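> kindly return the folded structure for what I paste below:
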Amino acid sequence: MIEIKPDSVTFKRLPMAPTSNHLLVPFRGRLIKSNEGRKFSKQCELWGAQNRGTLNKLKELLKDKTLRVDCCFVFPRSKLLTKKNTLKKTDWMNRLKQTCDELAKLIEVDDSHFISGYCCKKISDNDESYIDIEISEAKL
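Presented below is the predicted three-dimensional model:
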């Protein structure tokens, strides 16, 4: 789902990116995108197809702008907390690059236009992992 506000756009419930540790695999002396990485790309394409009408309107609005991209990585409680309610080692920052790459494809903007942003991780109300992204014009 895409929510458009006067000063920002929010992309809700994008698929969760794989960690960078699972993004590439060696093949014949070089690195290629893993099955998990290809699956994430396909999920983003499907999400984009489901939201195509709104995305097409956004492409013109965001074209040639410098963008702030805020990402909220939402994980199930079981992925973030132990049974003793202490934090698990969930490395969410290494998912950011792949997320920005796929976002750039969806809105057809080079990710070099993403210059700042805020990232966080939150606990989901259910067992789903997903990403909420808010895009706004960055003030230079």
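> select the longest helix from the protein.
Using DSSP state H to define each element, the chain has its longest helix at helix 35-50.
> list the contacts of that helix.
With contacts defined as CB atoms under 8 Å, 6 or more residues apart in numbering, helix 35-50 is touched by 14-18, 22-24, 33, 55, 98, 102, 105-106. Bear in mind the C-beta positions are built from the backbone N, C-alpha and C, glycine included.
> the residue nearest in space to the middle of the chain and Lys88: what is the separation?
Nearest to the mean C-alpha position of the chain, counting by CA atoms, centre = their mean, stands Thr99 at 3.5 Å. For Thr99, the distance to Lys88 under the criterion CB to CB, to the nearest Å works out to 20 Å.
> what's the span of stretch 79-93, first residue to last?
Across its full length, stretch 79-93 reaches 15 Å end to end, with CA to CA, to the nearest Å as the criterion.
> please work out the average pLDDT along it.
Averaged across stretch 79-93, pLDDT comes to 83.
> in it, what's buried?
Taking 16 or more other CB atoms under 10 Å as the basis for neighbour counts, the residues of stretch 79-93 that come out buried are Lys79, Leu80, Trp92.
> returning to that earlier point: secondary structure element for the residue nearest to the centre of the chain?
helix 96-107 (DSSP states H and E).
> what about the helices in the protein?
With helices called from DSSP H, the chain shows them at 35-50, 52-62, 77-80, 96-107.
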